[in-house]
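Engineer: structure here, sequence nowhere to be found:
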């Protein structure tokens, strides 16, 4: 079963690579589906604790040969752009401080509370819920940070995350201890 799980992990990375090379969506979905099958195979062969870990970490290691295959060397450009000057204006400093507060405080609290609420609803014992929470908490936080930094409507996004945090807290308060 270990060889099947390893092969499925490799096949999933190859499918995702091919979807990138050909710029086709269906191949990406095939790669994700095969990755889900490899997660199940890993969990079946080594237990769900290590299976989830292997299924999440192995694609990150398997991607390097695909990156090496596409490595190319280009000539040094003749016109190298000049770096921007450092901006220490009060407006920029306040803006960066607010981003820091939102990302490292608000969105971190959202990620932890949301993952606890999601895991509290799972039909598992408490140790399984906490282990799952440890796995998905940084993923939820990273996705929230990426979404916040990529959007142009930051105040609306922060409001949405505050509402989601309040809903998650309500779910946690409603759960019996």
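Structural biologist: Arrived safely, thanks for sending. The structure displayed is predicted, hence computed values, not measured ones.

Engineer: C-alpha only now, for contacts and for neighbours.
Structural biologist: OK.

Engineer: from the chain's centre, how far out is the longest helix along the chain? Work that out for me.
Structural biologist: As assigned by DSSP state H, the longest helix anywhere in the chain is helix 126-150. Its chain's average C-alpha position is 8 Å from that of helix 126-150, according to Cα atoms, centre = their mean, to the nearest Å.

Engineer: which parts of it are buried?
Structural biologist: 129, 130, 132, 133, 136, 137, 140, 141, 142, 144, 145, 148 (16 or more other Cα atoms under 10 Å).

Engineer: the third one touches residue 120, doesn't it?
Structural biologist: No - with contacts defined as Cα atoms under 8 Å, residue 132 does not count as touching residue 120, sitting 10.0 Å away.

Engineer: and the buried residues of helix 126-150 as a markdown table, adding distance to residue 87 and pLDDT?
Structural biologist: Formatted as a markdown table, these follow (distance: Cα to Cα, whole Å; pLDDT from 0 to 100):
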| residue | distance to residue 87 | pLDDT |
| --- | --- | --- |
| 129 | 46 | 89 |
| 130 | 43 | 89 |
| 132 | 42 | 90 |
| 133 | 40 | 91 |
| 136 | 36 | 93 |
| 137 | 34 | 94 |
| 140 | 32 | 95 |
| 141 | 29 | 95 |
| 142 | 27 | 94 |
| 144 | 27 | 95 |
| 145 | 23 | 95 |
| 148 | 22 | 95 |
